[in-house]
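*Asks:* Got a sequence here, can you build the structure:
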Amino acid sequence: MKAAINLLSAALALAACSGNGPADGDRSAPTFDAIEEGEAVYFTGTEPFWSGEVVEDTVRYATPEDQDGSDVAVSRFAGLGGVSWSGEFDGQAFDLSITEGKCSDGMSDRNYPFVATLSVRGETRRGCAWTDARAFTGAEMP
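*Replies:* Next comes the predicted model:
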């Protein structure tokens, strides 16, 4: 039940973020397709630092305390304004949402094509994301 509520919340958040939702109940609008199913997604954020990648149905989530990262089994949902992956991490909800939009990490000269919102351990974190098909621009990562 908890997973269903988290998935519904993520779906509603993605639809609300789009600003381009279907009008007058038109449910024929296409779902977000800027990131193909199965395409690897990379994400990063600061304050506190966090990063990772999504590959298929697994998110590898890393922090300075866990630099190798931990794997989180997730389910993918493509909404109208973005895509999300939901699962459970350390017994709590784990929700990663990616929406299209210009993004800067605030600490480098990189610009990213996607905005990442992560809900983990009861906190909401904001960061940036990219894929191989839509890479960041600017300085390469060390």
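
*Asks:* where's residue 105 relative to residue 35, distance?
*Replies:* Residue 105 sits at a distance of 19 Å from residue 35 (criterion: CB to CB, to the nearest Å). Just so you know, the C-beta spots here come from the backbone N, C-alpha and C atoms, and that holds for glycine as well.

*Asks:* can you check residue 57 too?
*Replies:* Between residue 57 and residue 35 the distance is 14 Å, computed by CB to CB.

*Asks:* Pick out whichever of these two has more residues nearby.
*Replies:* residue 35 (23 against 13; other CB atoms under 10 Å).

*Asks:* and that one, which of the three is it?
*Replies:* The local conformation at residue 35, judged by DSSP: H, G, I helix; E, B strand; the rest coil, is coil.

*Asks:* pretty sure it contacts residue 83?
*Replies:* Yes: contact criterion CB atoms under 8 Å: residue 35 and residue 83 qualify, at 5.4 Å.

*Asks:* so what sits against both of these two?
*Replies:* residue 98 (CB atoms under 8 Å, 6 or more residues apart in numbering).

*Asks:* For the chain, give me the ranges with low pLDDT.
*Replies:* 1-28, 141-142 (pLDDT under 70).

*Asks:* Please, where are all the helices along it?
*Replies:* Applying DSSP state H to the chain gives helices spanning 2-18.
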